[in-house]
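Q: structure for the following, please:
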Amino acid sequence: MALPERTTFHAMIEELERQSVATLPETLRFAGRILFLVDDPRLILRQLQGEDLSWPLDVSLRNDISTDEITPAYICYYYDETLGDFPYLGLKAGDQFPISRGSVKAGGFVCSVSGRRRGKGSSREQSPYAEMSAGIRVVIADSIERIYRENCQNLGILTSTDFSLVDRIRRGDEIPLIEFTKGEGAITRDIIEHGGLFQYNVARIQGKVEVPPPGSSPRPLTLAEKIIARHWVRDLAEDAVGVSHIAPGDEGFVRTDIRFSHEYVTPMSAIFWERYVGGDVGIADPGSVFFFRDHLTFLDVAMTEERKAQGLLDVALQLKRKQEQFALSQGVKLYGELPRSGQGGVARGSEAICHTKILEQHALPGHLIIGSDSHTPHAGAIGSIAFGVGTTAIFNSWLTKDVRIRVPPSVLVRVTGRKPENVTAKDFMLQILRHPYVKNGHAIGKIVEYAGETVADLSVDERATMTNMAAEVGAFTGIIRPDEAVIEYLHRERGLDASQVWELIAGLFSDDGAEYEEIIELKADELQPLVALPGDPGNGLFIEELGGPVKIDIAYAGSCTGGKKSDMDMYARVFKAALERGDTVHPDVQCFIQCGSQDVKQYCADRGYLEVFEIVGAKFIEPSCGACINAGPGVSYDNSTVTISAINRNFPGRSGPGKLYLASPYTTAASAIAGFITAWVSD
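A: Presented below is the predicted three-dimensional model:
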């Protein structure tokens, strides 16, 4: 294993080799109550007040519970056991939010039960950590999203889709541990049996667990499978990497080229590192690690006075300080917050949103990248395997430089035909998200490969919209074959020599005969601009299906999904045409534009876009995540506020309490001018 030169790291490895390793007992008994997360807020309140509901229920379990609902963004300012006061504070039941601070912990619940697609959305490990700190030891749901499920396993929370366990837990029966490990691969089973990922890795370093080699025979490989195979760790101790063949279901570890995290995750990972490894120990290969201060740089502007009075701003600033301290001590590159200007210290944003900068400057075709955010697949636009992981996986990757994987099946989304001029990659995604295969959760945890001549005609920025929003699909990652457009992009943006990039992309394509679990065909010439109705990105409709004008109060044009150079081209095109007609942003609409990086801002300045935005009446905001994470200008201010937005998800509370419609950059800009949701029509 390639280790840092620091002696303390070697000493730590020797210490880990001496530690005793325990496993969970063969049978488990759970003492506590069961919390059913249902659609009826009255039933949730009755449970919190001490009533145990009979099972099976005669009401519906809540489906599609996102991590934004389990721990809303402001809850993630905490990164220790204090999180146990907060699980489900953002959970919407009916039109209410029935769970209050401390109520779950006080209720003595040991098991939490819900419906399909539990844990969708953000990769934040604060969600299962909050549940665990509140006493939850078992999560049962009809289906469970990949990152959330892995985060549970890494922390030691048991998960299951077997509802027959409900009565057994309630009775206090002894339940064999195998009930929670059956159907799992050898590595996942071992992680569960050891009570978490770090404990497993200690046993792995000691040679006490066996990592099985891939069991597949030679077969045609998809693009993603080829990259995974190249990074497969054959032997950790010998630093042996790479195999010739893998197949869906193979489980192992893959060597990373890039590991990154932002201020929501780095501090908790750092706390774990200091607790389990040691604060004076260097992480493995710090040059391939990047930290970002991008989510909360405008928090002081966006946070309500009530929350400031509660001390939440001070709590959030601890994230910034902890990340800065850890980056300095570890010699890790930190893309930070820009210096504040003016006497009052006005916020100036960040150097870049993590996904934007990774694609702009670091990712290469064939790379394997992990990040502490569900939208890490953004870098798949140039043929990288990039996927989101949680806090514990990031922390463990600092130790071993690898990450566990169970090779997912692949899904091919092929887009063909000539798209209308006002249809964009965002519209492709809103159409894909309402496809029954995706909307019903069948793509969860799978690799989505986008292909077809229409995708090949897209710019790299537009391709990044599609790979980025693999997160909304619930996919493991999204990827697109690298081609001449990628060569041109890397030459233009980074000055890489074309011959060098050709070498990188050699062989990066799916073999003839490669296996796909599902093939989704999309005809671009049959599409129109879409919006996703409030509540879920899968609620897509053609704009003409809205049934009448929908008046808007806010138009937000930004985020990693909507803050790239090509997005700025679209906003500027619409606004320039409006100015030529004598139109500006509608007087009843607040319009915000926010770039994904300082490079994108400079691009706007060079092309005169900043002046166009100002004249048309749009407020330009320095690069940062901001409103997309309910932490910057552009958030809604009450339940009746209607927003049209170019961001990637619109789960309840994601960007304030109002009604949030998702749309393309063209639609967002055109609606800002009109004052209601409308498609842009080229002049």
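
Q: touching, Leu165 and Ile175? I think so.
A: Yes: between Leu165 and Ile175 there is a contact at 6.8 Å, judged by Cβ atoms under 8 Å. C-beta: built from backbone N, CA, C; applies to glycine.

Q: which parts of the stretch 351-500 of the chain are strands?
A: Here the stretch 351-500 of the chain has its strands, by DSSP state E, counting those that start in this stretch, at 368-371, 385-388, 402-406, 410-416, 447-451, 477-480.

Q: which elements pack onto the fourth one?
A: With contacts defined as 3 or more Cβ pairs under 8 Å, 6 or more residues apart in numbering; DSSP states H and E, the secondary structure elements packing on strand 410-416 are strand 447-451, helix 453-456, strand 518-523.

Q: for Leu319, grab the count of nearby residues.
A: By the measure other Cβ atoms under 10 Å, the count of residues near Leu319 is 24.

Q: what does the one 4 residues further on give?
A: Applying other Cβ under 10 Å, we find 25 residues neighbouring Gln323.

Q: now it: which helix or strand?
A: Here Gln323 is covered by helix 312-330, with elements defined by DSSP states H and E.

Q: can you list contacts of the following helix or strand past that helix?
A: Downstream of helix 312-330, the next assigned helix or strand under DSSP H and E is strand 333-335. For strand 333-335, the external contacting residues (Cβ atoms under 8 Å, 6 or more residues apart in numbering) are 287, 289-294, 323-324, 327, 350-352, 354, 357.

Q: one more time with 10 Å
A: Residues from elsewhere that reach strand 333-335 (Cβ atoms under 10 Å, 6 or more residues apart in numbering): 260, 262-263, 266, 286-294, 323-324, 326-328, 350-354, 356-358, 361-362, 597-598.

Q: quick one: common contacting residues for Leu165 and Ile175?
A: Taking Cβ under 10 Å, 6+ apart as the criterion, Leu165 and Ile175 both touch Phe30, Val138, Leu158.

Q: which of the residues you listed fall in strands?
A: Members of those lying in strands (criterion: DSSP state E): Val138, Leu158.

Q: pLDDT averaged over stretch 46-56, what's the number?
A: Stretch 46-56 carries an average pLDDT of 96.

Q: next one: stretch 439-455
A: Stretch 439-455 shows a mean pLDDT of 95.

Q: just want the most central residue of the chain.
A: Ser374 (1.2 Å; Cα atoms, centre = their mean).

Q: would you mind listing the buried residues in stretch 397-412?
A: 397-412 (16 or more other Cβ atoms under 10 Å).

Q: apologies, that question was intended for stretch 233-240.
A: For stretch 233-240, the buried set under the neighbour-count rule, 16+ other Cβ under 10 Å, comprises Val233, Leu236.

Q: first-to-last residue distance for that stretch?
A: Separation of the first and last residues of stretch 233-240 by Cα to Cα, to the nearest Å is 6 Å.

Q: can you check the pLDDT for the residue nearest to Leu299 when sequence neighbours are not counted?
A: The shortest distance from Leu299 to any non-neighbouring residue, by Cβ to Cβ, 6 or more residues apart in numbering, is to Ala631 (4.9 Å). On pLDDT, Ala631 comes in at 79.

Q: what does Arg607 give?
A: Taking Arg607 on its own, its pLDDT is 98.

Q: that older thread, name the stretch among the helices and strands packed on strand 410-416 that sits most buried.
A: Ranked by mean neighbour count, the helices and strands packed on strand 410-416 are led by strand 447-451 with a mean of 27 (mean count of other Cβ atoms under 10 Å).

Q: so what's Leu155 up against?
A: Contacts of Leu155 (Cβ under 10 Å, 6+ apart): 125, 128-129, 131-133, 195-198, 390-392.

Q: Lys426: which of the buried residues of stretch 397-412 is nearest?
A: Val411 (19.4 Å; Cβ to Cβ).

Q: who's in contact with the closest one?
A: 437-438, 442-443, 446-450, 470, 473, 475-476, 478, 516-520.

Q: for Thr82, same thing?
A: Counted by Cβ under 10 Å, 6+ apart, Thr82 has contacts Ile75, Ala130, Ser133, Val315.

Q: so which two of these are the farthest from each other?
A: Farthest apart among the contacts of Thr82 by Cβ to Cβ are Ser133 and Val315. That separation is 15.8 Å.

Q: looking at it, Cys591 is touching Ala627, isn't it?
A: No: assessed by Cβ atoms under 10 Å, Cys591 is found out of contact with Ala627, at 11.9 Å.

Q: what residues do those two have in common as contacts?
A: With Cβ under 10 Å, 6+ apart as the test, Cys591 and Ala627 both reach Ile554, Tyr556, Gly634.

Q: what are the phi and psi angles of the last one?
A: Meaning Gly634. Backbone torsions for Gly634, taken as degrees, to the nearest 10, come to phi 110, psi -10.

Q: my read is that it contacts Tyr556, right?
A: Yes: Gly634 lies in contact with Tyr556 (Cβ under 10 Å); the separation is 3.9 Å.

Q: which residues are in contact with both of these two?
A: Shared contacts of Gly634 and Tyr556, counting by Cβ under 10 Å, 6+ apart, come down to 590-594, 621, 626-628, 643, 645, 647, 655.

Q: so how far is Phe395 from the closest residue to Ala106 other than its chain neighbours?
A: Nearest in space to Ala106, with sequence neighbours left out and distances taken as Cβ to Cβ, 6+ apart, is Leu48 at 8.0 Å. Distance, Leu48 to Phe395, by Cβ to Cβ, to the nearest Å: 33 Å.

Q: now swap in Leu83 and tell me
A: Distance from Leu83 to Phe395, counting by Cβ to Cβ: 16 Å.

Q: higher neighbour count, those two?
A: Set Leu83 next to Phe395 and count neighbours by other Cβ under 10 Å: Phe395 wins out with 29 against 24.

Q: give the contact list for the more buried one.
A: Taking Cβ under 10 Å, 6+ apart, one finds 125, 154, 197-198, 201, 261, 265-266, 268-277, 283, 389 in contact with Phe395.

Q: show me what Leu412 is bridged to.
A: Beta-bridge pairing for Leu412 (DSSP bridges): Glu449, Ile519.

Q: ok, it to Glu515 distance?
A: 10 Å.

Q: need the residues touching each of the two.
A: Common contact partners of Leu412 and Glu515 (Cβ under 10 Å, 6+ apart): Thr222.

Q: same list, the shared contacts of Leu165 and Ile175, but as TSV with neighbour count please.
A: Below are these laid out as TSV (neighbours: other Cβ atoms under 10 Å):
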residue	neighbour count
Phe30	20
Val138	24
Leu158	23
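
Q: for the shared contacts of Leu165 and Ile175, which one is nearest Ile505?
A: Using Cβ to Cβ, those come closest to Ile505 at Leu158, 42.5 Å.

Q: surely the closest one meets Glu184?
A: No: Leu158 lies out of contact with Glu184 (Cβ under 10 Å); the separation is 11.4 Å.

Q: what do those two both touch?
A: By Cβ under 10 Å, 6+ apart, the residues touching both Leu158 and Glu184 are Ile192.

Q: ok, the residue nearest to Leu299 - contacts?
A: Ala631 neighbours (Cβ under 10 Å, 6+ apart): 73-74, 77, 295-303, 316, 624-625, 655.

Q: are any of those buried, and which?
A: 73-74, 77, 295-300, 302-303, 316, 624-625, 655.

Q: could you tell me which of these belong to strands?
A: Going by DSSP E, the strands hold none of the buried ones among the contacts of Ala631.

Q: for those, which one is nearest Val574?
A: Distance to Val574 across those (Cβ to Cβ) is lowest for Ser655, with 21.3 Å.

Q: the closest one and Pro633 touch, don't they?
A: No: the criterion here is Cβ under 10 Å, and Ser655 misses it with Pro633 at 11.0 Å.

Q: hey, what's in contact with both of the two?
A: Residues touching both Ser655 and Pro633 by Cβ under 10 Å, 6+ apart: Ile554, Tyr556, Gly626, Ala627.

Q: quick one: the third one and Pro214, what's the gap?
A: Spelled out, that is Gly626. From Gly626 to Pro214 the distance is 43 Å (Cβ to Cβ).
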